[in-house]
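*Asks:* Here is a sequence together with a model predicted from it:
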Amino acid sequence: MPPNLHILVAEDHAAVRELLITMVARMYPTCTIAAVANGAEALAAYDACMADLLITDYAMPGLTGLALIQTLRANQATLPILVVSMNTTIADSVVQAGATRFLAKPFTLPALQEALRDLLPPQECNSVAPSHLAERVIGDTTVT
């Protein structure tokens, strides 16, 4: 993977979305993070910029995480997809639909870090880098 990874976060709860952004930025300080609040926005962001990793919630307004996965895979998208959800009964169905990994909420920070290391090359990881080094794209606003 190129050193400047593009990671897409789709999560409708703002606090969880910010936590995911912060943790991803700490592990991948040179990445670009696009954060959206629902599946339809995630699909549009992916179509516009592609991504090296998608982290998505399952239950979101409009297009669900499952429908997002199905749409991406139907369009031959090969990126790794991490699904995070409180609903553990959907783990098998999202993996069968094409998710690479499922992580149950609430999750520990070490569990999230492990999932990220499994989905992106270890040489790209830097778990101690400051989060302010990553470029964050939230909606139409870029924050550095």
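*Replies:* Noted; the coordinates are in hand. Numbers count the residues shown, from 1 in each chain.

*Asks:* pLDDT wise, what is Ala48 at?
*Replies:* The per-residue pLDDT reported for Ala48 equals 93.

*Asks:* cool, the one 4 residues further on as well?
*Replies:* Turning to Asp52, the model gives it a pLDDT of 94.

*Asks:* Any idea which residue is closest to the centre of this protein?
*Replies:* By C-alpha atoms, centre = their mean, the mean C-alpha position of the chain lies nearest to Ile55, the distance being 1.9 Å.

*Asks:* What is the three-state secondary structure of Pro29?
*Replies:* In terms of secondary structure, Pro29 is coil; the call rests on DSSP: H, G, I helix; E, B strand; the rest coil.

*Asks:* Let me know whether the residue nearest to the centre of the chain touches Ile7 as I believe.
*Replies:* Yes - Ile55 lies in contact with Ile7 (C-beta atoms under 8 Å); the separation is 7.0 Å. Yep, even glycine has a C-beta here, placed from its N, CA and C like the rest.
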